[in-house]
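1. Build me a structure from this.
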Amino acid sequence: MRLFFTGLDHTSASVAMRECLAFDQASLTDALGRLTSANGEHPPLLTEAVILSTCNRVEVYGIIHDETALIEEAIIHFLAKYHNLAPDRFARALSFCYDEMAVEHLFETTAGLQSLVIGEAQIQGQVRKAFLLAQRVRSVGPILSRMFSRALTTGKRVRRETSLGAGAASVSQASIELAERRLGDLEGRKVLLVGSGKMSELAAQNLLAHGATDLIVINRTYERACELASRYAAAAYPFEALQDVLNEADIVISSTSAPHTVITAEHIATALGHRAHRGPTDHTIGASEMLLIDLAVPRDIDEQVAQVAGAHLYTIDDLQEVVGDTMARRGSEVACARTIVQQEVDEFNAWLRTQQVLPVLSSWRQHAEEMRDAELQRAMRRLSELSPEQQHIVEALSRSLVNKLLHMPTLRAKHAAAAGDGERYAEMLRDLWDM
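-> From the prediction side, this is the model:
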């Protein structure tokens, strides 16, 4: 049994590549089922699996019983077939790691240390959501359940015990800071939020905190747009009004979960053409200009929008400038966070190593139990005059002797495993008991 990880993120793959491999909610359920189900005579690729798919990463965590070279090739083939892609389009961007390195990666990711915006809190909820989905479809067992539970605990500790989340602590907040750098004061700007999920809610909070008060929310489900708008004194529109609200917007922040683009170059060309006729007293960012920030993966805004005169399009990958300044202010907090992560990783890995000797210990106990039972039955045949109560006493004595004889070696084997020496003890047990 080995822990397995593969994935790509904003450091190894462009947003264009990430959106090709992204999973939505429905495809996540299906993919987890395929990964952990037998295919004819072939065993499942993974005996446990969790997929973490966000705007910045696509990652697969699992338990394997196969050779590592074979599983890497098999997972690449699975992703290629599932997303209808040629393997050479993405394989080089994937990283693979196993066992303790896989644990460390998940714990650092959940703590926000692997995020585009270091310390951002949204990843904690995304990891939890991925774990809960895997639990619901029963693709996790005891190992990944423990691993993800401890990772979430680690993330909470980092956010509680450090100030890592200070500053631009989310992608959404970083996007607002980017808008301020490009436009200056946001007061009086017309800001359109496309989508009504968590990212849009964070954007609304940060926009109000930075002085923007003229907010518009649009969503495919009008009721959800109204719910978000009501909490932040914004206007809500049905999705059919997209062109009309684009015509009025200075800033567009889009973060839907649509599997395709929702804003086209034609939309923006029309909007900017309309904008040219607005009066000089309007709070515009310039003559026929619009700032668009696409936080979605897959992307919401057609990349051809960048070719429209007056349109300034930024994707999630363009937030590095803001992120870099934030990171410069967080060096000591990152070090504290890494110390916490390492403590939790060490504790989990010690537990994991003990699990690897449990099959041998279980076989050993079963072997001893079979010997005890055989000897007990032989003795009982010679002691047929014993009463039922006396027979029970003799049986209890035999069980107690076996348990006491096995107790200390079992503890020693578990302690040795936790310290990294479990395989030697396991091999000794196999040899001594001919298992």
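2. In this structure, spot the helix with the most residues.
-> The longest helix of the chain (DSSP state H) is helix 388-418.
3. Check which helices and strands the next helix or strand after it sits against.
-> Heading C-terminal from helix 388-418, the first helix or strand you meet, by DSSP states H and E, is helix 422-433. Applying 3 or more CB pairs under 8 Å, 6 or more residues apart in numbering; DSSP states H and E, one finds that helix 422-433 makes contact with helix 358-382, helix 388-418. Any C-beta I mention is one placed from the backbone N, CA and C, and that applies to glycine too.
4. mind listing the strands for the stretch 151-300 of the chain?
-> Assigned by DSSP state E, counting those that start in this stretch, the stretch 151-300 of the chain shows strands spanning 190-194, 214-219, 235-238, 251-254, 290-294.
5. Between the ones you listed, which one is closest to residue 17.
-> Ranking the strands of the stretch 151-300 of the chain by proximity to residue 17 (CB to CB) places strand 290-294 first, at 15.3 Å.
6. Identify each buried residue in the closest one, please.
-> 290-294 (16 or more other CB atoms under 10 Å).
7. For it, which strands pair with it and how are they oriented?
-> Here strand 290-294 has these sheet partners by DSSP bridges: strand 251-254 (parallel), strand 311-315 (parallel).
8. Could you provide those strands in TSV, with additional columns for mean pLDDT, mean neighbour count and distance to residue 173?
-> Shown next, in TSV, are those (pLDDT from 0 to 100; neighbours: other CB atoms under 10 Å; distance: least, CB to CB, whole Å):
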stretch	mean pLDDT	mean neighbour count	distance to residue 173
strand 251-254	96	27	11
strand 311-315	93	21	14
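9. Make a markdown table out of these and add distance to residue 215.
-> Below are these laid out as a markdown table (distance: least, CB to CB, whole Å):
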| stretch | distance to residue 215 |
| --- | --- |
| strand 251-254 | 10 |
| strand 311-315 | 19 |
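10. Indicate which one of these is closest to residue 174.
-> Closest to residue 174 of these is strand 311-315 (CB to CB; 10.5 Å).
11. A strand includes residue 116, no?
-> No - checked against DSSP: H, G, I helix; E, B strand; the rest coil, residue 116 lies outside a strand; its state is coil.
12. Okay, it and residue 299: tell me how far apart.
-> Remark: distance between residue 116 and residue 299 (CB to CB, to the nearest Å) = 15 Å.
13. Residue 250 too?
-> For residue 250, the distance to residue 299 (CB to CB) stands at 21 Å.
14. Show me the shaky parts of the stretch 251-400 of the chain.
-> Applying pLDDT under 70 to the stretch 251-400 of the chain flags residues 276-287, 325-330.
15. One more pass at 80, please.
-> Scanning the stretch 251-400 of the chain for pLDDT under 80 picks out 275-288, 320-332, 355-364.
16. so what's residue 345 up against?
-> By CB atoms under 8 Å, 6 or more residues apart in numbering, the contact set of residue 345 is 100, 103-104, 107, 154.
17. you'd agree it is in a helix?
-> Yes - under three-state DSSP, residue 345 falls within a helix.
18. Make sure residue 62 is actually in contact with residue 35.
-> Yes - taking contacts as CB atoms under 8 Å, residue 62 lies within contact range of residue 35: 6.9 Å.
19. between the two, who's got more neighbours?
-> residue 62 (27 against 22; other CB atoms under 10 Å).
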